[in-house]
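Participant: Just need the structure, nothing else, for what follows:
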Amino acid sequence: MDATALNRQVEGLAASHQRLLSTLDPMDGEGLTDEMVNRPSRLPDWTVGHVLAHLARNADSMTAMTVAAESGVVADQYPGGFARREADIVTGSTRSAREQILDLRRSIYELEGAWAAAREAWFGRGRVVTGAEVPIADLPLRRWREVEVHIGDLGLPELGCDGPDSWSAEYVRHDLAMLSMQWKSRGSMGMTDLPAAVLRLDPARRLAWLLGRLDVDGVAPAGMMG
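Facilitator: Numbers count the residues shown, from 1 in each chain. Predicted coordinates:
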């Protein structure tokens, strides 16, 4: 476990959480509305409500894995697997804007509280929905990626939540470096660089390609998120 990287990821995620909450529920002016919740998001077949429900349930799932790992237990991220995960998202997708915000805020603070209290959990593992076991220490980056990418997936330009331009510069710098290294490690002697057409993109779009959120003419998908 790289404690320095972990601390950076936890801090970066906390800032992204606050940015999301303050965007949806600002102190002044209008944030998320019931009409916005029902709009199509940038994800196929998902409304804005689906994306927000997913973010809340994803936080709850990581809280549960962390609490279990503190006791030495390897817990499932989503008991009931993909079917339960999807059902919970559908159930939560139709709630009002206020209900969405309250649920999201609660789930975020419970997750951050679980990580603040964790000791042994950081050396434990959890079982993600694919069945693979992952270190609990990997969860902050996974969650940071979920939050930032799904901010862009909301497709709400009036709130500044629409595509890779919505991602924070700190997140882009961190995850782009991580995923670029992973990409290079898959090539011969670990020296394969990103395709030239991808290198010409700005950092956020380069990361979007690595994450499978952007197609580049003449370049095969990165295949990093499979």
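Participant: Where does the residue nearest the centre of the chain sit, in terms of helix or strand?
Facilitator: Residue closest to the mean C-alpha point of the chain, counted by C-alpha atoms, centre = their mean, is E146 at 0.6 Å. Using DSSP states H and E, E146 sits in helix 139-153.
Participant: can you list the domain ranges for this structure.
Facilitator: 3-166, 168-226 (automatic domain parsing).
Participant: From P40, how far off is Y78?
Facilitator: Taking C-beta to C-beta, to the nearest Å as the measure, Y78 falls 24 Å from P40. Placement of C-beta: from N, CA and C, glycine included.
Participant: With A197 instead?
Facilitator: Where P40 is concerned, A197 sits at a distance of 29 Å (C-beta to C-beta).
Participant: And N7, by the same measure?
Facilitator: With C-beta to C-beta as the criterion, N7 and P40 are 38 Å apart.
Participant: hang on, the earlier thing: of the domains of the chain, which shows the lowest average pLDDT?
Facilitator: Comparing mean pLDDT over these, the weakest stretch is domain 168-226, at a mean of 90.
Participant: Show me how far that domain is from its chain's centre.
Facilitator: A distance of 17 Å separates the centroid of the chain from that of domain 168-226, by C-alpha atoms, centre = their mean, to the nearest Å.
Participant: ditto for stretch 130-142
Facilitator: Worked out by C-alpha atoms, centre = their mean, stretch 130-142 lies 12 Å from the chain centre.
Participant: okay, now R8: neighbour count?
Facilitator: 16 (other C-beta atoms under 10 Å).
Participant: which SSE is the nearest residue to it once chain neighbours are set aside in?
Facilitator: Excluding the flanking residues, the one nearest R8 by C-beta to C-beta, 6 or more residues apart in numbering is H174, at 6.8 Å. Assessed by DSSP H and E, H174 sits inside helix 169-185.
Participant: tell me what that helix is packed against?
Facilitator: Counting contacts by 3 or more C-beta pairs under 8 Å, 6 or more residues apart in numbering; DSSP states H and E, helix 169-185 packs against helix 3-24, helix 139-153, helix 203-210.
Participant: could I get those as TSV with distance to G223?
Facilitator: Shown next, in TSV, are those (distance: least, C-beta to C-beta, whole Å):
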stretch	distance to G223
helix 3-24	23
helix 139-153	16
helix 203-210	10
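Participant: Among the ones you listed, which comes closest to L179?
Facilitator: Closest to L179 of the helices and strands packed on helix 169-185 is helix 203-210 (C-beta to C-beta; 4.4 Å).
Participant: now that closest one and helix 169-185, what's the angle there?
Facilitator: If you take axes from the mean of the first three to the mean of the last three C-alpha atoms, to 10 degrees, helix 203-210 sits at 40 degrees to helix 169-185.
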